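Enquirer: sequence and computational prediction follow.
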Amino acid sequence: MSGPSSAPVALRDPGQKRLQRHLGGSWPVIAINVSVLLTAGLSTWLALDWVVVSAVWPWADPGRCSAASGACWPFVLEKAPLILFGTFPFEERWRPALVSGALFGMSLVTLFQAWHWRWQALGWILTISLFGTLMGGGVLGLAKVPSAQWNGLPVLLFLGAASLACALPTGLVLALARRSTRRWLTYPAIAAIETLRGIPMVAVLFFGVFVLPLLFSGWSLSPVHAALTVLIVFHGAYVAEDLRSGFQSIPLGQWDACKGIGLSHWQALRLVILPQVTKAATPALTNTAIGGFKDTSLIVLVGLHDLLSTAKMSFADPLWQKQALEAYVFVGVIFFVVSRGIAAAGQRLERLQQKAC
């Protein structure tokens, strides 16, 4: 006796199931994901239309900018020297251009470890000497330029590179002091690190630029050097915490093993511990370096003219008052290129460390 007949169950389309799974599973999640994708696509198209499709190209007639709905790139072509070098004397702008090229080149060499560290040290000594000589002048027949006219890209690169380079040994000293068993070293290091990490950088900058020259009235401390001092100390506190996390990842047994084979404390630190610490802390140090470079833009708040300040100067011209967005896009591209270079160098260092293991 045959059972009751049942209607065949419709099988779900495999393609529909796969699409639903890729888009998030449930229908509310799919609706959200689709709306996000549509918004991202529309935003991308609008950006491309403004940057490329409806834009006025740099070599075109600037008079077309008033009728165009896109970017006015002739503005960037004309105002790029002002954005890059600020109020530096026009006839002497070859000096900050040469300094910027040297700083950028040495930064690439250091980030990607293209030279031996001794040659890198010599290169940085020559580059810093070149910066002081060409930017300040007063020697070798160069016209003297006050530090108030050191603006734009060379100051940004100098403060970024020098502060980060000096923040690494400063942070190492603070990290070692914090881990020391001597309380007269540990407590001041903890106080310095926690205080600097707990105070906004703007407040520290104001202290360094306006208070330090009063405390050391016998010294001739320019705003640029005062800002550099503040950036070194401030970022050194963050580097110290990055390195401390690396130290905590090292088993204590490694210290005992180093002592067992006759290594002194400093030999064990230099030959065994520090290479592992820097490997563990590389991602955090890369993040600190990127943030530290971008933080140099805050010097505009204490009267120093960085790229953001010189960008404002560029569209203050009555003929170009509508081109503020183009100026900030140009500055943003510069920050992106440098930050991406730091990130790429950090990733390359991580890959080399993994291969060495």
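Expert: Great, that's in hand.
Enquirer: can you list the domains in this protein?
Expert: 20-64, 75-356 (automatic domain parsing).
Enquirer: just the endpoints, please. Distance across stretch 50-57?
Expert: Stretch 50-57 stretches 11 Å from its first residue to its last (C-alpha to C-alpha, to the nearest Å).
Enquirer: quick revisit: hey, which of the domains of the chain is tucked in deepest?
Expert: Mean neighbours per residue, mean count of other C-beta atoms under 10 Å, is largest over those for domain 75-356, with a mean of 17. Heads up, the C-betas are built off the backbone N, CA and C, glycines and all.
Enquirer: can you show me the helices along the stretch 251-357 of the chain?
Expert: Applying DSSP state H, counting those that start in this stretch to the stretch 251-357 of the chain gives helices spanning 252-260, 265-268, 274-295, 307-314, 324-356.
Enquirer: from the contact counts, what lies against the second one?
Expert: Helix 265-268 sits against helix 252-260, with contacts defined as 3 or more C-beta pairs under 8 Å, 6 or more residues apart in numbering; DSSP states H and E.
Enquirer: and the helix it packs on, average pLDDT?
Expert: Helix 252-260 shows a mean pLDDT of 84.
Enquirer: returning to that earlier point: for the helices of the stretch 251-357 of the chain, please prepare JSON lines with the additional fields distance to Leu228.
Expert: Listed next are the helices of the stretch 251-357 of the chain as JSON lines, based on distance: least, C-beta to C-beta, whole Å:
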{"stretch": "helix 252-260", "distance to Leu228": "36"}
{"stretch": "helix 265-268", "distance to Leu228": "29"}
{"stretch": "helix 274-295", "distance to Leu228": "12"}
{"stretch": "helix 307-314", "distance to Leu228": "17"}
{"stretch": "helix 324-356", "distance to Leu228": "18"}
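Enquirer: right, and those - which one's nearest Ala47?
Expert: helix 324-356 (10.0 Å; C-beta to C-beta).
Enquirer: how far is the closest one from where the chain is centred?
Expert: On the basis of C-alpha atoms, centre = their mean, to the nearest Å, helix 324-356 sits 8 Å off its chain's mean C-alpha point.
Enquirer: which helices and strands does it pack with?
Expert: Secondary elements touching helix 324-356 (3+ C-beta pairs under 8 Å, 6+ apart): helix 73-85, helix 94-111, helix 274-295, helix 307-314.
Enquirer: mind running it again at 6 Å?
Expert: helix 73-85, helix 274-295, helix 307-314 (3 or more C-beta pairs under 6 Å, 6 or more residues apart in numbering; DSSP states H and E).
Enquirer: pLDDT below threshold where in the stretch 1-150 of the chain?
Expert: 1-27 (pLDDT under 70).
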